[in-house]
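1. predicted model and sequence below, questions to follow.
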Amino acid sequence: MKIAYFSVTGQVRRFVKKLDLPSFEITDFSQSDVDDSFILVVPTYEPDITYPADEFLEDYSDKCRGILGSGNRNFGDEFVYTAKDLAKKYNLPMLYSFEFNGTQEDVANVLEIITKIK
Ligand SMILES: Cc1cc2nc3c(=O)[nH]c(=O)nc-3n(C[C@H](O)[C@H](O)[C@H](O)COP(=O)(O)O)c2cc1C
């Protein structure tokens, strides 16, 4: 499974590197990247920052098998709201959430979830 991601300060990029799967940034991808299905990983910020993820899903949500959210639990009820909002808007499964660049346990959990997705 390919991983598509959006990252502003690099935490999501670091998490994706730890997964060690084929990946691409949604701000810099080629057509061949979106020929196959993928999972999208997004950080959590105001929509005026995360709009590239929304625009990407407008075009390619049919290839997206689910969304992972990175955030900070100090934000309470607003933890990973970007991923949750996008999952709802595009009717996609919200697969997992984690803080910052994720722990080794998060990496193992996500790899386990991904193996079950066709
Ligand atoms: C200005 C700002 C606002 C944020 N707002 C939220 C938030 O509302 N909810 C949340 O869960 N995390 C929030 N975060 C945390 C980031 O989403 C989190 O650190 C994420 O790992 C950043 O990923 P990135 O480095 O790939 O951009 C915020 C971070 C910043 C700097």
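-> Nice, I can see it.
2. which secondary structure elements does the longest helix along the chain contact?
-> Using DSSP state H, we find that the single longest helix of the chain is helix 47-60. Judged by 3 or more Cβ pairs under 8 Å, 6 or more residues apart in numbering; DSSP states H and E, helix 47-60 is in contact with strand 38-42, helix 81-89. Backbone N, C-alpha and C define where each C-beta goes, glycine included.
3. tell me the SS of residue 92?
-> Here residue 92 is recorded as coil under DSSP: H, G, I helix; E, B strand; the rest coil.
4. mind listing what it touches?
-> By Cβ atoms under 8 Å, 6 or more residues apart in numbering, the contact set of residue 92 is 57, 61, 64-67, 86.
5. again, but for residue 98
-> Contacts for residue 98 (Cβ under 8 Å, 6+ apart) come out as 15, 68-70, 106, 110.
6. run a quick neighbour tally on residue 5.
-> Counted with other Cβ atoms under 10 Å, residues neighbouring residue 5 total 24.
7. what pairs with it across the strands?
-> Note on residue 5: beta-bridge partners residue 25, residue 41, judged by DSSP bridges.
8. appreciated, that's everything.
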